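> Sequence and computational prediction follow.
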Amino acid sequence: MSDMNEFHLSAEAIRGTIKVPAHPVKPDITAEEKKALKERIKKLMREQDATLVAHYYTDGDIQELAEEMGGCVADSLEMARFGTTAKEQTLVVSGVRFMGETAKILNPEKRVLMPDLGATCSLDEGCPADAFTAFCDAHPDHTVVVYANTSAAVKARADWMVTSGIALPIVKHLKEQGEKVLWAPDQHLGRYIEKVTGVDMLLWQGSCVVHEEFKSVALERIRRLHPDAAVLAHPESPEHILDQADVVGSTTKLIEAVATRKEEKFIIATDDGIFWKMHQVAPGKELISAPTAGEGATCESCAHCPWMAMNSLQNLEEMLLNPGPQHEINIDESIRERAMLPIRRMLDFADSHGISGKYQGNA
């Protein structure tokens, strides 16, 4: 089921080498200074025929700017789709590197920039292409399904790419076709999908440093303090967190739950960058971060991805003032062509089944 044999120790060793960056200190600026900064960025974006594509986990100031400019604020499914329809010739991706790579894979003719190319992801870092290829080669009878949080080279080895918002229907479809699935890299999301679908699945042993931090006993305590609150959890969280959740789902599904459920209070087990959009769609509701403190806590993330935190209005302006190769995503063409196939397969499936990665309610 999830036994990787000789690859298990290899993956464990690789994950142990991941260097989690310290959270950058957010500059303290006045409201007037922020307004002026945003106006300068908008001017630079217009001059460079650029649009801003931001993930729900980025800083609220960036999400607000993207919406003000007619860009995109969404999960990685909709971020991937948006770039293919945007009229602008430059895509500025505010998120982590695999999101920029996905944009470039689908839009090779466009310039794709990121404020900091060092903004990576523990799931991506913990699934190197050479080790993953060896794992796939050892199991040739399995359909290879990779999560979006992987490098272009890993996607190039896959049959399907999925995001958390579309993983369940795609894996259900594969099970109906009689397929066995090799899944990477997030073991918790993989186990959740395996449990829900009953598919025969091999799991790579990756994990997200944010979702790994949520603590079961501490969550039980905070639930007792707030018995009227619903618990919402992203399926990258460990099973002991998902077992306590009222809703398990993608970022878009969790945002929808806050907007539509009758509860006035929610305990959220995912990156707290999502709170900006949740407050926007449900301004009167109370949001509480699921606890990352407690016995065994290391708080490498404290409910916010340190790589996502590398995106700011300040370095967005700096990038636009000097948009050189240190900010541009480029991918070897042979890898890009192979990686496009599983992504395109996912997008075609989403289109044919009416699946969106963007909250469609009133914002």
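Great, that's in hand.
> Look at residue 207 and say how many residues are nearby.
Residue 207 has 20 neighbours, counted by other Cβ atoms under 10 Å. C-beta here means a position set from N, CA and C on the backbone, and glycine is covered the same way.
> whoops, I mixed them up, residue 361
Quick note: residue 361 (other Cβ under 10 Å) scores 10 neighbours.
> cool, residue 130 as well?
Count around residue 130 with other Cβ under 10 Å applied: 9.
> For the nearest residue to residue 222 once chain neighbours are set aside, give me its contacts.
Closest residue to residue 222 apart from its sequence neighbours, by Cβ to Cβ, 6 or more residues apart in numbering: residue 291 at 5.7 Å. For residue 291, the contact set (Cβ atoms under 8 Å, 6 or more residues apart in numbering) comprises 214, 215, 218, 219, 221, 222.
> Which of the three states applies to the residue lying closest to residue 129 once chain neighbours are set aside?
Counting by Cβ to Cβ, 6+ apart, residue 129 lies nearest to residue 153, which is 3.7 Å off, once chain neighbours are set aside. The three-state label given to residue 153 by DSSP: H, G, I helix; E, B strand; the rest coil is helix.
> sorry, back to before: which of the contacts of residue 291 ranks first by neighbour count?
residue 214 (28 neighbours).
> list the contacts for that one?
233, 237, 238, 241, 269, 290, 291, 292, 303.
> make it 10 Å
Taking Cβ atoms under 10 Å, 6 or more residues apart in numbering, we find residue 214 in contact with 233-234, 236-238, 240-242, 244, 268-270, 289-292, 294, 297, 301, 303.
> Residue 210 now?
57, 121-122, 234, 236-237, 269-273, 292, 300-308.
> Leaving out chain neighbours, which residue sits closest to residue 237?
residue 211 (4.4 Å).
> And residue 228, by the same measure?
residue 265 (5.8 Å).
> Thought residue 246 was touching that neighbour, still the case?
No - counting by Cβ atoms under 10 Å, residue 265 stays clear of residue 246, with 11.6 Å between them.
> what sits in contact with each of the two?
229, 230.
> how close does the nearest residue to residue 271 once chain neighbours are set aside get to residue 154?
Distance criterion Cβ to Cβ, 6+ apart; nearest residue to residue 271, sequence neighbours excluded, is residue 57 at 4.3 Å. From residue 57 across to residue 154, the span is 21 Å (Cβ to Cβ, to the nearest Å).
> isn't there a helix covering residue 232?
No - going by three-state DSSP, the assignment for residue 232 is strand, not a helix.
> Distance of it relative to residue 28?
Separation of residue 232 from residue 28 (Cβ to Cβ): 31 Å.
> More neighbours: which of these two?
More crowded of residue 232 and residue 28, by other Cβ under 10 Å: residue 232, with 26 against 6.
> who's the more buried one bridged to?
residue 247, residue 268 (DSSP bridges).
> which residues sit in contact with it?
245-249, 253-255, 257-258, 261, 263, 266-270, 274, 278, 287, 290.
> what do you get if the cut-off is 7 Å, keeping everything else the same?
Neighbour list for residue 232: 245, 246, 247, 254, 257, 266, 268, 269 [criterion: Cβ atoms under 7 Å, 6 or more residues apart in numbering].
> Give the other helices and strands that the longest helix anywhere in the chain contacts.
Counting by DSSP state H, the longest helix found in the chain is helix 333-353. Here helix 333-353 touches helix 76-85, helix 97-106, helix 152-155, strand 160-162, helix 167-176, going by 3 or more Cβ pairs under 7 Å, 6 or more residues apart in numbering; DSSP states H and E.
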